[in-house]
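Sequence first, then the predicted structure:
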Amino acid sequence: MSYGTADSLRPVTLDDVRGAQKMLTGVARATAMEGSRHLSQLVGSPVHLKCENLQRTGSFKLRGAYVRIAGLLPEERAAGVVAASAGNHAQGVALASSLLGVHATVFMPNGAPLPKISATREYGAEVRLHGQVVDETLAAAQEYADETGAVFIHPFDHPDIIAGQGTVGLEILDQCPEVGTIVVGVGGGGLAAGIAVAVKAIRPDVRIVGVQAAGAAAYPPSLAAGHPVTVRHPATMADGIRVGRPGDVPFTIVRDLVDEVRTVSEDQLSAALLLCLERAKLVVEPAGASPVAALLAEPGAFPGPVVAVLSGGNVDPVLMQRVLRHGMAAQGRYLAVRLRLTDRPGALATLLGVLSVVDANVLDVSHVRTDPRLGLAEAEVELHLETKGPAHCVEVGHALREAGYTVID
């Protein structure tokens, strides 16, 4: 399945996906599908998690990358390949190239998570950092391809890539034949398009729902306009789906076969990541948690049984720490509060005593005595607290005010 420039827009068929599945035998794992009791109770029907976060390289991207590179002509392989990615496609291309004996150069954005950069290098690729967002990095990689003759391996805008990603859909039908809805995160659209091609050809009644981060949602305006539309400066913690423009190839498929594309907020992404970690015991990156975020946002909108595709688990530990704290705050389990108190010996101990009575766990204390806003005998304290939910947060605030403290909003 090798396509030149002239026919790179040709339709992707079920036969293409089945051919990709044969090609991936022994290369990509048929990843596990885990049931979620918590989400099933919330949705009102069985919910299963398709664990592509447990795929080789930590995401589904190996599937499409391997199919694309394996289909190159000998002279194309000899010229090497080049790719651009925030991390998951980079690792997929690096491993696929290594398995096939092809030299790979991978462009990644400045600020890409260090674990993803390190992993890409360890898989054998040469890494070059360029640009701030994937679209800028894509342009640099394309320029490199034009200058050197290396074959550009697009992360989502090629039939081979989509056929490879579509093998996820075939596995879903095999593992959950009764599936009613498949929910999948959408960046450029390659995974959603591939799943749609495979699933709709066999089970046209299955509802397929795409999910985008609200700050990087290019598909809703694109679908409304009838053609790909660019969103300037896409912003979201979900770097795996932070794409400013849908691909031409996946857009047509998503338009024709995907039933709906929803958006989720950063708070909802954080809550979903926290749920995956606490309830499912799965490490999932924000982009991979986007389907779970959609289920949490409107659980009654998904006819079951539901399969949520956890597309990746490559998350920077520093980002994980921030996201988990954000998720805890969104659930009322983390509270930051500033207040003023009299600057005298024992005042801080008295304050902590009030918090102890209401069982609020103090994580951090910042104590300021010298500030033009403060009176001569005043001090300002900022507290980071671990709490038990929204009602407990209200209880903590009430206890502080009852004790005579001025809480600063």
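Thanks, I have the structure now.

Just want the most central residue of this protein.
A287 (0.8 Å; Cα atoms, centre = their mean).

got the residue ranges for the strands in this protein?
Ranges of strands in the chain, per DSSP state E, are 33-35, 47-51, 81-84, 104-108, 126-129, 151-153, 181-185, 207-213, 260-264, 306-310, 334-342, 361-368, 378-386, 406-408.

just to revisit the earlier point, now the residue nearest to the centre of the chain: closest residue in space that isn't a chain neighbour?
Distances taken as Cβ to Cβ, 6 or more residues apart in numbering place G240 nearest to A287, at 3.0 Å, with adjacent residues excluded. In short, each C-beta sits where N, CA and C put it, glycine included.

Repeat that for I408.
In space, and not counting its chain neighbours, I408 is closest to R338: 4.3 Å by Cβ to Cβ, 6+ apart.

Can you tell me who that neighbour pairs with across the strands?
E382, I408 (DSSP bridges).

How about the contacts made by it?
Residues in contact with R338 (Cβ atoms under 8 Å, 6 or more residues apart in numbering) are E380, V381, E382, L383, V407, I408.

just to revisit the earlier point, got a pLDDT number for the residue nearest to the centre of the chain?
In this prediction, A287 carries a pLDDT score of 94.

Would you confirm that it contacts I241?
Yes - using Cβ atoms under 8 Å, A287 is in contact with I241, at 4.4 Å.

which residues do these two both contact?
Common contacts of A287 and I241 (Cβ under 8 Å, 6+ apart): G185, G187, A213.

Can I get these in a markdown table including distance to E147 and neighbour count?
Converted to a markdown table, these look like this (distance: Cβ to Cβ, whole Å; neighbours: other Cβ atoms under 10 Å):
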| residue | distance to E147 | neighbour count |
| --- | --- | --- |
| G185 | 33 | 30 |
| G187 | 27 | 34 |
| A213 | 33 | 29 |
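
Among those, name the least confidently predicted one.
G187 (93).

Would you check that that residue makes contact with A287?
Yes - applying Cβ under 8 Å as the test, G187 and A287 come out as touching, 6.9 Å apart.

Please enumerate the shared neighbours of those two.
Common contact partners of G187 and A287 (Cβ under 8 Å, 6+ apart): G240, I241.

just for this structure, where's the confidence low?
Low-confidence segments of the chain (pLDDT under 70): 1-9, 327, 343, 367-377, 409.

Show me what the biggest helix by length in it is packed against.
Counting residues, the longest helix found in the chain (DSSP state H) is helix 159-175. Packed against helix 159-175 by the contact rule (3 or more Cβ pairs under 8 Å, 6 or more residues apart in numbering; DSSP states H and E) you find helix 14-23, strand 47-51, helix 61-70, helix 190-202, helix 248-257, strand 306-310.

If we use 6 Å, what do you get?
Packing contacts for helix 159-175, counted by 3 or more Cβ pairs under 6 Å, 6 or more residues apart in numbering; DSSP states H and E, involve helix 14-23, helix 61-70, helix 190-202.

All good on my end, thank you.
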